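Engineer: I would like the atomic coordinates for the input below:
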Amino acid sequence: MRAPRADPLTAFEKSELLASVRDIIDDEQVRVSITYAIPTVLDGTNYVVATGLQARNPTTAIINAPRRVVSVTEAAASGGKLQIGDRLYVIDQADLSATPTTNDRITESSVVYAVVRYTQDPLDMIYVVTARKL
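Structural biologist: Numbering: from 1, shown residues only. Presented below is the predicted three-dimensional model:
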């Protein structure tokens, strides 16, 4: 019996799968355009003399992501992890400059949502980001 490979897919298989995922993410029938904002680290470099505060200029990316809204049934079955109306976005990891955190914000149609959690697929290709309206 052969030992399992450390990586379940070859590089070619992974690139083919990622291309299929990208096709779904780019499908105009299921995607929405969002602005994903990652806050900058306050390190003293953006100090504004007039206010005495540091400017927070987040890194932003305008990306397309499939999105669905959490239902009543799904929220009830989640054990408190999800709330009715939460948004679940499927985001290609290549579209973000960093791993999601709960400090991140998503803007969709002028409505701002806070990232409350995320999961990563086993092949390190996508994030499923849960966001809640502020």
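
Engineer: Tell me the helices and strands packed up against the longest helix along the chain.
Structural biologist: Longest helix of the chain, by residue count under DSSP state H: helix 11-25. Applying 3 or more Cβ pairs under 8 Å, 6 or more residues apart in numbering; DSSP states H and E, one finds that helix 11-25 makes contact with strand 59-69, strand 87-92. Where you see a C-beta, it was placed from the backbone N, CA and C, and this is true even at glycine.

Engineer: and the following helix or strand past the last one, how far out from the chain's middle?
Structural biologist: Downstream of strand 87-92, the first helix or strand assigned by DSSP states H and E is strand 105-108. Taking Cα atoms, centre = their mean, to the nearest Å, one finds strand 105-108 lying 10 Å from the centre of the chain it belongs to.

Engineer: In its sheet, which strands sit next to strand 105-108, and in what direction?
Structural biologist: Strand pairing for strand 105-108, determined by DSSP bridges: strand 31-38 (antiparallel), strand 111-120 (antiparallel).

Engineer: Relative to residue 13, which of those strands is closest?
Structural biologist: Closest of those to residue 13 is strand 111-120, at 18.7 Å (criterion: Cβ to Cβ).

Engineer: which of the residues in that closest one are buried?
Structural biologist: Neighbour counts over strand 111-120 (16 or more other Cβ atoms under 10 Å) mark 113, 115, 116, 118 as buried.
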